[in-house]
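Undergrad: mind folding the following:
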Amino acid sequence: ALNPQNLLMVGDGQQSIYSFQGADLRLFGERAERADVERHDLVLNYRSTPTILSYVDRTFSARLGDAFLALTPHRPENQRVDTPSDPDDIFGTPPAPSCIYEAKNGGLNEASLQLIRHLRESGVPYGKMALLWRFYDSDLLRALEKEEIPFRVIGGNRRFWVKQETRDLANILQAISDPNDRLALLAALRSPAGGLSRSAMLRVAACEGSLLSPEVTFETPDDAAAWERWQSWFPTLVQLADHLPAWEVLSRVLADSPLLVNLAHYEGRDQAIANIRKMLEEATTRPEQGLDELVRTLREVRRLKNTEGEAELSEEEDDLLTVITIHKAKGLEWDGVIFHHASKEIRRPKSNWCIDHQSPLFGLNLNGRTTRCYNALKELEFRREKEELVRLDYVATTRARNHLALNMSEKRKDLLDPKGVHADIGFTSVP
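TA: Next up, the predicted model:
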């Protein structure tokens, strides 16, 4: 019989990439080193070819140091491990030689497009190919559409479109575009941009006819003040909306309404404001876009994102390039992997406060005047995030079975090609 006092712990410190959810790599390491723990290292790799593993081991032994655990390939170089595209081809078509590709020219998106084309020409179907990114990049998706490359997106942006602040802003823009849309207008009034209480919103809803400037009285001074503030900017912006580009309408909403001021009192305000800023940045990438077009785009995007969860359950044989975040890709594998952000350098995070969840320390940045504790904690946070970035790179590069393609279009201080590794292993540069 099994001893109920025994405890089995399974994990891979090299794939610890969830510190933002509270994961602490040190806890697992401390338990693994205990004297009463029997440790077994699983080093056989059944996924990747020797060429890919040679690159991974040599690259990350340099970046992770003594803590790195090298993997041993279980299969020879040209043994096929992916499922044949043709169900009648029970033996499978011999794969192209295992290769590691890199693209350096043409900018970030063009370099990834070059790698996708090269893998496709090498015989890798779109359905057995994945493009891994660290974060959502709408410019890349537009580039894929322009090149008519079939794809599906998993992770990275779906939660963004169901966040309350992005839904609120979408309703506000819909109400400006069509003030006769009572549902959107009432939702906008209830949002931080309107600031009405639930009972005040119901009073407005009970009014007959147009809700643009109805005659309504309110029970509390706060609701009356919120309504007066709403009337000071909303009807005017409705009149101007047809003559302004979408980004300017959006910027006027943020400047004239109390949306940002009210959000500042919410829990999770930093992320909410960052999400709104992201929407504005997205709008400025299309300066010629009108409000109606933006509203239609937002409606379509939200519709697609709402069905995206079902798309993840689609048939694996669908010939679609999978565009997926590295976090979502953990535990998965593909015949060919394009690492889109392989050369993206880490950006030092900015905030007005800093807290260490592993100790009772807290630091502040008051208009550029920082405390010693703040400076020390920011350096610690930056170092931890940089270490996790290395592990994120490791997870990305170990998703590939036969083909690994690295987008090296941007310079980075800790590139994935330590001195001598590329030359020894033999990279194929894609022009």
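
Undergrad: for the rest of this, base every contact and every neighbour count on C-alpha atoms.
TA: Will do.

Undergrad: how many residues are close by P50?
TA: 21 (other CA atoms under 10 Å).

Undergrad: buried residues in stretch 319-331, which are they?
TA: Neighbour-count burial for stretch 319-331, counted by 16 or more other CA atoms under 10 Å, picks out D319, L320, L321, T322, V323, I324, T325, I326, H327, A329.

Undergrad: now the end-to-end length of it.
TA: By CA to CA, to the nearest Å, the extent of stretch 319-331 from end to end equals 21 Å.

Undergrad: in helices, which of the buried residues of stretch 319-331 fall?
TA: Using DSSP state H, the subset of the buried residues of stretch 319-331 located in helices is I326, H327, A329.

Undergrad: which residue packs closest to the second one, ignoring adjacent ones?
TA: Read it as H327. Of all residues beyond its chain neighbours, the one nearest H327 is I17 (7.4 Å), with distances taken as CA to CA, 6 or more residues apart in numbering.

Undergrad: next, the contact list for the one you found, please.
TA: Contact analysis of I17 by CA atoms under 8 Å, 6 or more residues apart in numbering lists A23, H327, E388, L389, R391, L392.

Undergrad: average pLDDT across the longest strand anywhere in the chain?
TA: The longest strand of the chain (DSSP state E) is strand 400-407. Regarding strand 400-407, the rounded mean pLDDT is 89.

Undergrad: which parts of stretch 54-66 are buried?
TA: S54, Y55, V56, D57, R58, T59, F60, R63.

Undergrad: which of those fall in strands?
TA: Using DSSP E, none of these sit in strands.

Undergrad: where does F68 fall, phi/psi-wise?
TA: The phi and psi values for F68, taken as degrees, to the nearest 10, are phi -70, psi 140.

Undergrad: and the helix or strand hosting R167, what other elements does it pack with?
TA: Per DSSP states H and E, R167 falls inside helix 164-177. Helices and strands touching helix 164-177, by 3 or more CA pairs under 8 Å, 6 or more residues apart in numbering; DSSP states H and E, are helix 182-190, helix 221-240, helix 269-284, helix 291-306.

Undergrad: the helix or strand A130 falls within: how far from the chain's middle?
TA: Of the helices and strands defined by DSSP H and E, A130 is found in strand 129-133. The chain centroid and the centroid of strand 129-133 are separated by 13 Å under CA atoms, centre = their mean, to the nearest Å.

Undergrad: and the strands in this structure?
TA: Counting by DSSP E, the strands of the chain are 44-45, 72-73, 99-103, 129-133, 151-154, 321-325, 334-339, 353-356, 361-366, 369-370, 400-407, 428-429.

Undergrad: so which of those gets nearest E38?
TA: With CA to CA as the measure, strand 44-45 is the member of the strands of the chain nearest E38 (18.7 Å).

Undergrad: name the strands paired with that closest one and say parallel or antiparallel.
TA: If you go by DSSP bridges, strand 44-45 pairs up with strand 72-73 (parallel).

Undergrad: residues contacting the partner strand, please?
TA: Contacts of strand 72-73 (CA under 8 Å, 6+ apart): V43, L44, N45, Y46, R47, S48, T49, P50, L53.

Undergrad: so what's the backbone phi/psi at the first one?
TA: Torsion angles at V43 (phi, psi; degrees, to the nearest 10) stand at phi -110, psi -10.

Undergrad: distance of the residue lying closest to S48 once chain neighbours are set aside relative to L27?
TA: Leaving aside its sequence neighbours, S48 sits nearest to R401 (CA to CA, 6+ apart; 4.2 Å). According to CA to CA, R401 and L27 sit 31 Å apart.

Undergrad: these two - which one has more neighbours?
TA: Neighbours were counted for R401 and for L27 using other CA under 10 Å; R401 has more, 23 against 9.

Undergrad: so what's the residue lying closest to Y46 once chain neighbours are set aside up against?
TA: The shortest distance from Y46 to any non-neighbouring residue, by CA to CA, 6+ apart, is to H74 (5.2 Å). If you count contacts by CA under 8 Å, 6+ apart, H74 has them with L44, N45, Y46.

Undergrad: who wins for most neighbours among the residues you listed?
TA: Those, ranked by neighbours (other CA under 10 Å): first place N45, 16 neighbours.

Undergrad: now for that residue: which residues touch it?
TA: N45 touches L71, T72, P73, H74, counting by CA under 8 Å, 6+ apart.

Undergrad: just give me the neighbour total for the second one.
TA: The reference is to T72. Number of residues near T72 (other CA under 10 Å) recorded here: 17.

Undergrad: measure the closest residue to it other than its chain neighbours to R399 for me?
TA: Distances taken as CA to CA, 6+ apart put L44 closest to T72, at 4.9 Å, once the chain neighbours are dropped. Remark: distance between L44 and R399 (CA to CA) = 15 Å.

Undergrad: once you drop chain neighbours, what's closest to I276?
TA: In this structure, I276 finds its nearest non-sequential neighbour in T166, 6.5 Å apart by CA to CA, 6+ apart.

Undergrad: mind checking how far that neighbour is from S191?
TA: Distance, T166 to S191, by CA to CA: 11 Å.

Undergrad: do P287 as well
TA: Taking CA to CA, one finds P287 at 26 Å from S191.

Undergrad: equivalent analysis for F382, please.
TA: 35 Å.

Undergrad: quick check: A400 touching D335?
TA: Yes: the pair A400 / D335 is scored as a contact, 5.8 Å apart, by CA atoms under 8 Å.

Undergrad: leaving out sequence neighbours, find the closest residue to G29.
TA: Nearest one to G29, counting by CA to CA, 6+ apart, is G13 at 7.7 Å.
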